[in-house]
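Student: Let's see this in three dimensions:
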Amino acid sequence: MSFARYIGAILFGLVLVRQAWAGPASGLPSGNTFLEGLLHPWFGIDHLLATLAIGMLVVHVEKGSIIAVPIVFLSSLMAGAGLHGSGIWLPWAEPIVAISVILLGVALIVGQRYPELLLAVAVALFGIFHGYVHGAENMAGSLPLAFMFGLLLGTTLLLGLGIWIGHWVEPTSQVSRGIGVAISLAGLGLFLYNLIA
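Tutor: Residues are numbered from 1 along each chain as shown. Presented below is the predicted three-dimensional model:
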């Protein structure tokens, strides 16, 4: 099996699992356990695709550290969840999350090596909204510590998977651009869904 088909099969499998996912683990209230936090980034298609794209992009930053941008993303994710937990309202959070998926996919399609500062600023902004949506969807106004640790670990593992894929795929390759097209189209679908839902 070629590498492109292997990655396609993984992404397709994750989408199928997402569709089959029928609620929080063990039937417990959402956002109360470490396991729910760990699994949440893997079963939210917007967060899954955005995090994988960020992981792929950070491998090819211009003269930068491979860990700086992921740390910025994780920190802003926690900050966004904290904003929700503090009762601060961010308008248009869901559409902005969908737009972030589109833009990250487009960044893969273009296939350039981006300056580390530019990528860090973009993922910081995206991370705040992704974290806010995580909080709004799953924590019902609170920030359970176990859930937050799980969320952080689950996102870190996804970033690691994206970095691993990025090491195997050249940024100008057809595989990278194909993944970017798939991510952008999924983001567009999410955006349109948010408009009509």
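
Student: So which residues of the protein form helices?
Tutor: Secondary structure of the chain (DSSP state H): helices at 3-20, 34-43, 45-58, 68-85, 93-110, 116-138, 145-168, 174-196.

Student: From Arg113, how far out is the nearest residue in space to Ala79 that is not next to it in sequence?
Tutor: Excluding its sequence neighbours, the residue lying closest to Ala79 (Cβ to Cβ, 6 or more residues apart in numbering) is Ile128, at 5.8 Å. The way it works is simple: take the backbone N, C-alpha and C, and place the C-beta from them, glycine included. Ile128 is 25 Å from Arg113, where distance means Cβ to Cβ, to the nearest Å.

Student: Over to Val58?
Tutor: Taken as Cβ to Cβ, the span from Val58 to Arg113 is 11 Å.

Student: next one: Trp42
Tutor: Trp42 is 28 Å from Arg113, where distance means Cβ to Cβ.

Student: for Glu36, same thing?
Tutor: Taking Cβ to Cβ, one finds Glu36 at 37 Å from Arg113.

Student: quick one on the thing from earlier: which one of Ile128 and Arg113 has more residues nearby?
Tutor: Neighbours were counted for Ile128 and for Arg113 using other Cβ atoms under 10 Å; Ile128 has more, 23 against 15.

Student: residue contacts, the more buried one?
Tutor: Taking Cβ atoms under 8 Å, 6 or more residues apart in numbering, we find Ile128 in contact with 76-77, 79-80, 83, 90.
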